[in-house]
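Novice: Next comes the sequence, and after it the predicted model I'd like to discuss.
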Amino acid sequence: MRSSGINAEPRLKFERLLDAEKIERRVTELGLQIARDYKGKAPLLLGVLKGCIVFMADLMRHIDLPLEVEFISAESYRHGSKQDAEITVNRNSQLSLKGRDVLIVEGIVDSGRTASAILENVRAEEPASVEVVTLIDKPASRRMEVRPRYIGFKIGNDFVIGYGLDNTQKFRNLPYIGRIADQ
Ligand code: IMP
Ligand code: MG
């Protein structure tokens, strides 16, 4: 039987793109920058499940402000092609964003559809401000205009996994970010 390390099944070929130290350095910088920009405020970090989990946990520990955390999720229902997908935003009905400084925390922004739907949902509640921080940005894949205020790393069209990001729900526990090798 194969050993069951984190690189064990499911079988998938990938190579290291961003190692844990590099991610940690960048996440620290982002946290310090956010803390400076929101000085005197109590931002609400709104994590987009599930890709945000590792990033958000690390990021918030570098923001020395009286912040709060909440979560939101989005599901896409496909009608035919991926481009036709309809996005439904799911959120806790107790969550109130009116007058808050909302910082949406995303693991990755790809086409921008998910972030746009969430931005629309958040803006409808008249927050004092709303910005997006994403660990990974794939600007070349954009189909909707979304400009994250804070970006960890810009990458090309690669599919990446690890540090919270999945491939069919697996690999979120990789401590670094891997790029799926061309098959
Ligand atoms: P969107 O295309 O910007 O709406 O991104 C939709 C979702 O697809 C993201 O929130 C991720 O869950 C997922 N996704 C897009 N690109 C990647 C990737 O490279 N790795 C893992 N998940 C991805
Ligand atoms: Mg996914």
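Specialist: Now that the structure is in, tell me what you want to look at. Ligands and ions are numbered 1, 2, ... in the order given.

Novice: May I have stretch 154-165 exported as CSV, CA atoms only?
Specialist: Extracted C-alpha coordinates of stretch 154-165, given in CSV (Å, rounded to 0.1, in the frame of the first residue of the first chain):
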residue,chain,number,x,y,z
LYS,A,154,-0.7,37.4,-9.9
ILE,A,155,-0.4,34.2,-12.0
GLY,A,156,-1.3,33.2,-15.5
ASN,A,157,-4.0,30.7,-16.5
ASP,A,158,-2.6,27.9,-14.5
PHE,A,159,-4.9,25.8,-12.2
VAL,A,160,-3.5,26.0,-8.8
ILE,A,161,-4.1,24.0,-5.6
GLY,A,162,-3.1,24.1,-1.9
TYR,A,163,-3.2,26.6,0.9
GLY,A,164,-7.0,26.4,0.9
LEU,A,165,-7.5,26.0,-2.8
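
Novice: which residues touch the longest helix belonging to the chain?
Specialist: In the chain, taking DSSP state H as the definition, the longest helix is helix 20-37. Residues outside helix 20-37 that contact it (C-beta atoms under 8 Å, 6 or more residues apart in numbering) are 43, 55, 58-65, 103, 133, 135, 150, 152-153, 163, 175-177. Where C-beta positions appear, they are placed from N, C-alpha and C, glycine not excepted.

Novice: Restricting to C-alpha, output that helix in PDB.
Specialist: C-alpha atoms of helix 20-37 as PDB (Å, rounded to 0.1, in the frame of the first residue of the first chain):
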ATOM      1  CA  ALA A  20       5.200  28.200   2.200                       C
ATOM      2  CA  GLU A  21       7.900  30.800   3.100                       C
ATOM      3  CA  LYS A  22       7.100  33.000   0.100                       C
ATOM      4  CA  ILE A  23       3.400  32.900   0.900                       C
ATOM      5  CA  GLU A  24       4.000  33.700   4.500                       C
ATOM      6  CA  ARG A  25       6.200  36.700   3.600                       C
ATOM      7  CA  ARG A  26       3.600  38.100   1.200                       C
ATOM      8  CA  VAL A  27       0.600  37.400   3.600                       C
ATOM      9  CA  THR A  28       2.500  39.300   6.300                       C
ATOM     10  CA  GLU A  29       3.000  42.300   4.000                       C
ATOM     11  CA  LEU A  30      -0.600  42.300   3.000                       C
ATOM     12  CA  GLY A  31      -1.700  42.200   6.700                       C
ATOM     13  CA  LEU A  32       0.500  45.100   7.600                       C
ATOM     14  CA  GLN A  33      -0.700  47.100   4.600                       C
ATOM     15  CA  ILE A  34      -4.300  46.500   5.500                       C
ATOM     16  CA  ALA A  35      -3.700  47.400   9.100                       C
ATOM     17  CA  ARG A  36      -2.200  50.800   7.900                       C
ATOM     18  CA  ASP A  37      -5.000  51.500   5.500                       C
END
